[in-house]
Structures are given as structure tokens and as C-alpha cells.
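Engineer: pasting the sequence and the predicted coordinates here, then a few questions.
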Amino acid sequence: MTNAKERSSRMKSLFANVDSAELAKQISAGPAVKVGSGAVKSMDRAFVAVEEENERLRLQLSGSEAIVEIDSALVVPSFVRDRLDIEGDPNFQGFVEGIRESGQRLPILVRPSPDKQGYFQVAYGHRRLRACQILERPVKAIVRDLTDDELVVAQGIENTERANLSFIEQAFFAATLKARGFRRETIAAALGRADGKLTYVSMLIGIAEQVPAELIGIIGPAPSIGRPKWEKLAAQFKDGKAPAAAQTIIDKLTSTAVWAAATSDQRFAALMSALEHKAARGNQGEEVDLGGGAVITAKSSRSSTLITIPESKVPGLSAWLVERLPALVEEYRKQTGETPMG
């Protein structure tokens, strides 16, 4: 893939010797040709790209887009997060060492911060910025005035061209943009969906909104996990919330040392396995062994839980529990912070 500088040079040489007046004569003298609407749209996009590239070339040649060095401490991230875990990437430390030894070869793109005077905001180049911040060195950047739409499109296209955002990072990126009020057409452009089809965007948003955002954050990018497995996990939740039983499993699993030491892919696999195991056990019911042959069973469905107590083994326990239920419910509400429903 050629970089922007190479494309600009080719574009310049391609059109350098064209006589626009002569070209106009030749076009007007030619016979009229019917062209399909699809071809027209394709040509429109191509010429728009040419015009944008020529304009960028003109700006660069005029010096208005010169590469400058900025104190990396004065550069803040984009207002929308695309990468879930930059420093957790096992290749990131090598990336930092590469910049330490060879320097920063490609500039990042920033705009003046709309919120903090004297600061800048990244459109793309978050990894390069973070590396320069860790190394406490200035970051090379191109400064450009960008609208919010232009910023997220530049941010998303750079990631798409490098093809290194995982499925859930794309989904989380799309859902975050939607939550901030961006149109789906802009989200599609930010994801590099030049075909204009919005079904892919809707699918991404649907999955990201189904899984709790906090859970996505602690799982991480899961680079090897694609759409089918994330859809399977999303089916365990409703409107971004986990059922009480599932939440108990999540809390227990994510607080372990094994979880902390696991890779993002391993975390996803462990969580999926735990939830599927819980679902399998749910069909058979949970059992509480009271000793002496007394076993209480509990079978749960989406709408209710059926608890069975062997009256012959523990006489009076059922009546005692029923009598204690109001106090137990009150204790539960205090622990969970829930309030009675009106």
C-alpha cells in the first residue's frame, strides 16, 4: 500500500502536463455517450478523491500542512475511543523501542483542542503519541482544523486501512459514535464502508449495545474473536445488562488472578465457557446439600426460580423461610442498592 506522500507525487506527475483548455475542446467535440448511474457514481467518487488529494498536495506544497514537533504532553486522545487497550498489546513495547531507537517516522494528525487552550487532539496516531509520551519526547504531527465528523472519519479510516482493529473494537467504536449523535452514514465512513451499506454498521452497534460496556472493557480487544462468538456472548445479556446469576459468575471470574494474567482472547474464552456451563447446569437445577441426605434444588428460568425443599428431611424449614422472606428481601435490597418497585 502506498503512503499519502507517494500517492501525492504520482497524482502530481499524472496531471502536471495536462492542458485544461485543450482537454475541454476534446470533450465537447466527442459524441454523447450514455453511462449507467452506477458508473457515474463510481466516477464521481474517483474524481472527488482526486480533487481531495490534489488539494492536500497543494496545502502540503504551500507549507500550510508542514510537519511540526509538539510537546506530547499537550496532546490529548480523540473524544471517541477506538482501541480498547493500547499498552496491553503484546507488540506495543516493541513498537515503543522501535521509536526509541529509530525515531518517529510518520507524523500523527491532530487538531487544536476545542476544549483546552494550547492543547491538541489526536485524529489518528494514538499508538505513536502514547509511545512518545512514554519516552517523554516531542511528537511529530500535522495540525489541521477538523470538524468532529472529519476527525472520526480520519481516525476510523486509518485504522481500517491498517486492518488491525478487532471486531469488538470496531463495534465499540461504532456504538460510541452512535451514542454521541453521529449519523450512521458518518459511522460507516469512519469504518471505511465506502459501499454505503448501513446493515454492517447496525449489526456492529447491536452487538456492542447488547454486551455491557464495562465487560467489553475488561475483556479487551480479543483480536482472534470474530462476529459469531461475540453474537453468542451477546445473547447472554439484555439491553446491556447481565441477569443476576450471570453477573455473579462474571464478578467471581474477573476478580481472580488467573483472569488478570490471561490474554484478551483467553478472557473471552473463559467467560464464554463459564456462562455456557452455568446455562447447562441451569437446565438440571442447582443443588444445595444440607447433609444427612437433605438436598435443596433450585431451577431457574428467565422469569422465575423454583426452589424445592424436602419437607420430610428438614421439617419446618419451608415455613421458617417463608416467615423470614421479608427480612431477607430487605437485606438483599440493602446490599444491592435496589429499591422496591412501585
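Structural biologist: Good, I have the coordinates.
Engineer: switch to C-alpha atoms for all contacts and neighbour counts from now on
Structural biologist: Fine.
Engineer: how about the helices in the stretch 151-300 of the chain?
Structural biologist: 167-179, 184-190, 199-210, 213-219, 227-234, 244-254, 257-261, 264-284 (DSSP state H, counting those that start in this stretch).
Engineer: now the first one: how far from the chain's centre is it?
Structural biologist: With C-alpha atoms, centre = their mean, to the nearest Å as the basis, helix 167-179 stands 4 Å off its chain's centre.
Engineer: and it, what does it pack onto?
Structural biologist: Using 3 or more C-alpha pairs under 8 Å, 6 or more residues apart in numbering; DSSP states H and E as the contact criterion, the elements in contact with helix 167-179 are helix 184-190, helix 199-210.
Engineer: cool, and the fifth one?
Structural biologist: Using 3+ C-alpha pairs under 8 Å, 6+ apart as the contact criterion, the secondary-structure elements in contact with helix 227-234 are helix 199-210.
Engineer: returning to that earlier point: ranking the helices and strands packed on helix 167-179 by mean pLDDT, which is last?
Structural biologist: Lowest mean pLDDT of the helices and strands packed on helix 167-179: helix 184-190, a mean of 84.
Engineer: quick one on the thing from earlier: which among the helices and strands packed on helix 167-179 is found nearest to residue 330?
Structural biologist: For those, distance to residue 330 was read as C-alpha to C-alpha. The smallest value, 30.1 Å, belongs to helix 199-210.
Engineer: alpha carbons of that closest one, as PDB, please.
Structural biologist: Provided in PDB are the C-alpha atoms of helix 199-210 (Å, rounded to 0.1, in the frame of the first residue of the first chain):
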ATOM      1  CA  THR A 199     -26.500  -3.000   7.700                       C
ATOM      2  CA  TYR A 200     -23.000  -3.800   8.800                       C
ATOM      3  CA  VAL A 201     -22.900  -0.700  11.000                       C
ATOM      4  CA  SER A 202     -26.300  -1.600  12.500                       C
ATOM      5  CA  MET A 203     -25.000  -5.100  13.300                       C
ATOM      6  CA  LEU A 204     -21.900  -3.800  15.000                       C
ATOM      7  CA  ILE A 205     -23.900  -1.400  17.100                       C
ATOM      8  CA  GLY A 206     -26.500  -4.000  18.000                       C
ATOM      9  CA  ILE A 207     -23.800  -6.400  19.400                       C
ATOM     10  CA  ALA A 208     -21.900  -3.600  21.200                       C
ATOM     11  CA  GLU A 209     -25.100  -2.300  22.900                       C
ATOM     12  CA  GLN A 210     -26.100  -5.800  24.000                       C
END
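Engineer: what's that helix packed up against?
Structural biologist: Checked by 3+ C-alpha pairs under 8 Å, 6+ apart, helix 199-210 has helix 167-179, helix 184-190, helix 227-234 packed alongside it.
Engineer: list of residues touching the helix or strand harbouring residue 97?
Structural biologist: Taking DSSP states H and E as the definition, residue 97 sits inside helix 92-102. Contact partners of helix 92-102, identified using C-alpha atoms under 8 Å, 6 or more residues apart in numbering, comprise 86-87, 131-132, 135.
Engineer: buried deepest among the helices and strands packed on helix 167-179, which one?
Structural biologist: Sort the helices and strands packed on helix 167-179 by mean neighbour count, taking mean count of other C-alpha atoms under 10 Å, and helix 184-190 sits at the top with a mean of 21.
Engineer: what's that one packed up against?
Structural biologist: Going by 3+ C-alpha pairs under 8 Å, 6+ apart, helix 184-190 lies up against helix 148-162, helix 167-179, helix 199-210.
Engineer: please tell me the pLDDT value assigned to residue 342.
Structural biologist: 54.
Engineer: contacts for stretch 185-204?
Structural biologist: 149, 152-157, 160-161, 168, 170-172, 174-175, 177-178, 184.
Engineer: buried subset of those residues, written for ChimeraX?
Structural biologist: Entered in ChimeraX, the line below selects the buried ones among the contacts of stretch 185-204, by 16 or more other C-alpha atoms under 10 Å:
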select :149,152,153,154,155,156,157,160,168,170,171,172,174,175,177,178,184
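Engineer: thinking again about what came up before, can you redo the helices and strands packed on helix 199-210 as JSON lines with distance to residue 326?
Structural biologist: As requested, the helices and strands packed on helix 199-210 are exported to JSON lines (distance: least, C-alpha to C-alpha, whole Å):
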{"stretch": "helix 167-179", "distance to residue 326": "40"}
{"stretch": "helix 184-190", "distance to residue 326": "49"}
{"stretch": "helix 227-234", "distance to residue 326": "34"}
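Engineer: quick one, which of these is nearest to residue 141?
Structural biologist: Shortest separation from residue 141 across the helices and strands packed on helix 199-210 is recorded for helix 184-190, at 20.7 Å, computed as C-alpha to C-alpha.
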